[in-house]
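> All I have is the shape, not the residue letters:
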């Protein structure tokens with residue numbers, strides 16, 4: 001069986017392009033002027049009085065390499081996969097005010 005190089009080169013070029021696209025996701029949008037972005041849980045649980053949630057947040061920060069602002073988009077995406085969102089406080093409040101089961105988010109920094 002004889003293989004030509006054209007299909008192989010096309011496959012390699014497509015693979016390289018696809019992998020490059022995965023690595024160039026845009027950074028998260030900045031918060032509105034005067035409103036800092038904060039960390040909060042996507043499930044809207046509060047960390048106040050819940051050492052287990054505080055410990056989980058600190059562990060996620062270590063795993064994702066979140067140390068200080070400005071955060072890399074890869075770190076923000078890693079935190080989102082673990083259930084933590086970095087966005088303006090007003091966005092957290094809006095997202096978590098829908099029902100009694102979704103309490104106001106602890107604004108973790």
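Yep, it's here. None of the values given here were measured: they were computed from a predicted structure.
> Now do residue 69 against residue 46, distance only.
23 Å (Cβ to Cβ, to the nearest Å). For the C-beta atoms, the positions are set from N, CA and C on the backbone; glycine is no exception.
> Between these two, which is the more surrounded one?
Shown here are residue 69 and residue 46; by other Cβ atoms under 10 Å, residue 46 has more neighbours (16 against 9).
> Stretch 68-83 - what's its average pLDDT?
Taken as a whole, stretch 68-83 has an average pLDDT of 88.
> gap between the two ends of that stretch?
19 Å (Cα to Cα, to the nearest Å).
> buried set for that stretch?
71, 75-76, 78-79 (16 or more other Cβ atoms under 10 Å).
> Spatially, which pair of these is furthest apart? Let me know, please.
Maximum pairwise distance among the buried residues of stretch 68-83 (Cβ to Cβ): 9.9 Å, between 71 and 78.
> looking just at contacts, which helices and strands does the helix or strand hosting residue 93 meet?
Assigned by DSSP states H and E, residue 93 falls within helix 89-96. Applying 3 or more Cβ pairs under 8 Å, 6 or more residues apart in numbering; DSSP states H and E, one finds that helix 89-96 contacts strand 37-41.
> Contacts only, for residue 58.
Not one residue lies near residue 58 by Cβ atoms under 8 Å, 6 or more residues apart in numbering.
> This protein: strands as residue ranges?
Per DSSP state E, the chain carries strands over the ranges 37-41, 84-88.
> Residue 41 is in contact with residue 50, isn't it?
No. Applying Cβ atoms under 8 Å, one finds residue 41 not in contact with residue 50, separated by 10.2 Å.
> Have a look at these two and say which one is more surrounded.
Each of residue 41 and residue 50 has its neighbours counted (other Cβ under 10 Å); residue 41 has more, 21 against 13.
> okay, the more buried one: pLDDT?
For residue 41, the predicted pLDDT is 94.
> which residues pair with it across the strands?
Taking DSSP bridges as the rule, residue 41 bridges to residue 84.
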